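In: I'd like to go over a predicted model; first the sequence, then the structure.
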Amino acid sequence: MINHRYSRQIMFQGIGEHGQRLLSEKHVVIVGAGALGSAASETLVRAGVGRITIIDRDYVEHSNLNRQQLYTEKDADMTLPKAQAAKNRLTAINTEVTVEAVIGEADVALLENVLPADLIIDALDNFDTRMLINDFSQRYNIPWIYGACVSSYGLTFTVIPGQSPCLHCLMEDIPLDGETCDTVGIIGPAVQMVSSHQTTEALKILTGQQESLRKTLLSFDIWENETSSIQVEKLKKEDCLSCGEQATYPFLEYANRTKAEVLCGRNAVQVRPASRQFLSLPDLKNRYHQEIQQENDFLLVLDLEDKRFVIFRDGRTIIHGENDKTKARTLYQKYIGG
Amino acid sequence: MIKVLFFARLQEELGKDNMELDTAGWTIDELKNWLEAEYNLDGVTQTMTAVNEEFTDGSHILASGDTVAFIPPVSGG
């Protein structure tokens, strides 16, 4: 018992043998494999959650390494998709946990495909998808934990369908672009702080101890030594379109989602194919074999018109060196299809 | 007096993390609009607002001794 992998957390009165068994039966979906996704997935995999699905659309870069704890220089050198690199590392940490990597954009179809799930952890970097997660959680009655951070500042809130207000109740006007790490920077401890709160709430939910949840929106600045724990119960709105009595889940509508999206602060645009009409990676390799900069099992990097095209198997492409959505879409149609 | 706390980008734009203001009787929306105009505080109208650690909406009327926190809904992760 003393040397058992989980002995120290079973000794903890909040978990015990029963809690540990419950953890091993649960499935957690982590949306985003950046800084928050790295931290949450490592904590939950070490804690012995039964199954983790980690979803991400991006690949590892050197600028991620100051805070995205799962990744190494080698992952960045190889341009590995984050979900795959995360799976490699998480499986090396704990082979008892089933880890599924999903390389792609977290849309409704993809999320439905990974159900059933006991909990969703938000490790995203944009409000577009975060609001979709909010509605998805209400639609399928799955708790989710909002978390976000920039510079030395962080925010987190736990949404329990049917009990707490949802993120839509709290944010009547959805910010078009909240601040991101790419515009104002970030330090690792701010990530760890948000993630500590997210994963502690996760352990409570997964072991059936909802009475211990924090119930407030937590906001802190770890550099300025400020913390606020804000009461939000009064904000639950009966007429909320996402969680009210007549909910229509407006953010699940595909029309609310953009097909070309500027990746803030990165001088890059992501383009997703509108149809299945795009060239496959082997076709692209044949056609542009002189322009290949790098390739692996998951993606192809091409240098076309002085722009860097990172093309994933599902046709999704991140075009670096372009900030204009229309121009990016034109480039996409010219070289890849759609 | 009202104590106003600023986080994240608002703090950087202002160059300080708090202010004491004589704005008892104002609504939150009035305070936000005034801050936006007076300090050229971009985006203060898009923040969430807590008064004395409780979430409020824009129509809430401030009383002397209140502490107001403007919480920017950041998205990084």
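Out: Alright, I've got the coordinates.

In: what does the stretch 1-150 of chain A put close to chain B?
Out: Contact residues (CB under 8 Å from any CB of the partner chain) of the stretch 1-150 of chain A with chain B: A:32, A:34-37, A:122-127, A:130, A:147-150. Placement of C-beta: from N, CA and C, glycine included.

In: Buried subset of those residues, written for ChimeraX?
Out: Of those, the buried ones can be selected in ChimeraX as follows, counting by 16 or more other CB atoms under 10 Å in any protein chain shown:
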select /A:32,34,35,36,37,122,123,124,125,126,127,130,147,148,149,150
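
In: from the residues of the stretch 1-150 of chain A next to chain B, which ones fall inside strands?
Out: Those of the residues of the stretch 1-150 of chain A next to chain B mapping onto strands are A:122, A:147-150, per DSSP state E.

In: what about the biggest helix by length in chain A, average pLDDT?
Out: As assigned by DSSP state H, the longest helix anywhere in chain A is helix A:188-206. For helix A:188-206, the mean per-residue pLDDT is 98.

In: next helix or strand past that helix?
Out: Per DSSP states H and E, the first helix or strand lying C-terminal to helix A:188-206 is strand A:216-221.

In: which residues make contact with that following strand from outside it?
Out: A:152-157, A:170, A:193, A:197, A:226-232, B:7-8, B:11, B:17, B:48, B:55, B:69, B:71 (CB atoms under 8 Å, 6 or more residues apart in numbering or on different chains).

In: and the following helix or strand past it, what other elements does it pack with?
Out: Next helix or strand after strand A:216-221 toward the C-terminus (DSSP H and E): strand A:226-231. Counting by 3 or more CB pairs under 8 Å, 6 or more residues apart in numbering or on different chains; DSSP states H and E, the packing neighbours recorded for strand A:226-231 are strand A:216-221, strand B:54-56, strand B:67-71.

In: Just give the strands next to the helix or strand following strand A:226-231 in its sheet, each with its orientation.
Out: As assigned by DSSP H and E, the chain's next helix or strand after strand A:226-231 is strand A:260-263. If you go by DSSP bridges, strand A:260-263 pairs up with strand A:268-271 (antiparallel).

In: Return the set of buried residues in the helix or strand following the strand it pairs with.
Out: Downstream of strand A:268-271, the first helix or strand assigned by DSSP H and E is helix A:281-287. By neighbour count on 16+ other CB under 10 Å, the buried set for helix A:281-287 is A:281, A:284-285.

In: related to what we said a few turns ago, and the helices and strands packed on strand A:226-231 as JSON lines, adding mean neighbour count, mean pLDDT and distance to residue A:241?
Out: Listed next are the helices and strands packed on strand A:226-231 as JSON lines, based on neighbours: other CB atoms under 10 Å in any protein chain shown; pLDDT from 0 to 100; distance: least, CB to CB, whole Å:
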{"stretch": "strand A:216-221", "mean neighbour count": "22", "mean pLDDT": "94", "distance to residue A:241": "20"}
{"stretch": "strand B:54-56", "mean neighbour count": "19", "mean pLDDT": "91", "distance to residue A:241": "19"}
{"stretch": "strand B:67-71", "mean neighbour count": "21", "mean pLDDT": "92", "distance to residue A:241": "22"}
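
In: Adding distance to residue A:185 as columns, could you present those strands in TSV?
Out: Converted to TSV, those look like this (distance: least, CB to CB, whole Å):
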stretch	distance to residue A:185
strand A:216-221	14
strand B:54-56	28
strand B:67-71	19
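
In: Residue A:94: which of those is closest?
Out: Closest to residue A:94 of the helices and strands packed on strand A:226-231 is strand A:216-221 (CB to CB; 28.1 Å).

In: can you give me the angle the closest one makes with strand B:67-71?
Out: Between the axes of strand A:216-221 and strand B:67-71, defined by axes from the mean of the first three to the mean of the last three CA atoms, to 10 degrees, the angle is 80 degrees.
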